[in-house]
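> everything below, folded, please.
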Amino acid sequence: YTSPHTLSLHDALPIFWQASGLPVPEYVLLDADSDFARVEAELGLPLFVKPACEGSSIGISKVKQAGDLGVAYAEAAKHDSLVIAERAILGGEYTTAILGDAALPIIKIEPRGEFYDYEAKYLRDDTAYRCPCGLSEDRERELRAQALEAFRVLGGRGWGRVDFLMEPAATAAVGPIFWR
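Okay, here's the model as predicted:
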């Protein structure tokens with residue numbers, strides 16, 4: 001069996017994490033024949049569309065209005081033949097570095113624009129990186145342990161980084177955290 005697109009580890013992250021019990025945002029793999037209206041209805045708006053194998057937010061779009069998914073798909077497809085539509089998680093973006101057997105303190109990422117896109121990462125100087133991240137010590141300890149588990153599930157060793165999104169109501173002691 002041959003395929004025009006070989007599944008990469010990045011593509012498979014949600015599968016591995018879901019299998020291990022870590023929640024990931026609802027997502028749909030898109031192609032040119034996808035029923036974009038059905039995907040918008042299934043995932044709800046807003047949603048994010050991104051090339052599956054591209055990093056640094058290259059080709060990512062935020063779809064806010066019904067009917068705009070096709071345009072976002074076309075932009076993402078310029079960068080990769082495999083495109084993901086993902087339900088937007090809007091409560092905050094966080095990251096933690098993994099060094100050996102330890103997850104380092106969590107950093108909250110606060111872009112001044114609408115989301116943490118390529119410009120916010122590399123071209124603008126107004127993105128805030130908060131450390132301490134504003135979570136309680138207990139919540140941060142719990143999330144760092146989960147980040148280490150997310151890293152280990154993938155066979156990670158040595159060093160790495162785990163990013164996660166939090167629902168707005170998840171700043172309390174419980175709530176859904178989505179790994180990506």
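> quick check on W159: phi, psi?
Phi and psi for W159, reported as degrees, to the nearest 10, are phi -150, psi 160.
> thought it was touching A97?
Yes - in this structure, W159 is within contact of A97 by C-beta atoms under 8 Å, at 7.0 Å. In short, each C-beta sits where N, CA and C put it, glycine included.
> between those two, which is the more surrounded one?
In terms of neighbours (other C-beta atoms under 10 Å), A97 is the more surrounded of W159 and A97; the figures are 16 against 11.
> did I read that right, that one in a helix?
No - A97 sits outside any helix when classified using DSSP: H, G, I helix; E, B strand; the rest coil, being strand.
> now do the same contact list for it.
103-104, 159-161 (C-beta atoms under 8 Å, 6 or more residues apart in numbering).
> ok, Y73 touching V83?
Yes - at 5.7 Å, Y73 counts as touching V83 under the criterion of C-beta under 8 Å.
> and the helices in the protein, which stretches?
9-19, 36-43, 69-77, 118, 137-153 (DSSP state H).
> before we move on, the earlier item: now do the shared contacts for Y73 and V83.
Shared contacts of Y73 and V83, counting by C-beta under 8 Å, 6+ apart, come down to 30, 49.
> check contacts around the closest residue to L165 other than its chain neighbours.
Nearest residue to L165 in three dimensions, chain neighbours excluded: I89, at 3.8 Å (C-beta to C-beta, 6 or more residues apart in numbering). Each residue near I89 by C-beta under 8 Å, 6+ apart is listed here: 25, 165-167, 178.
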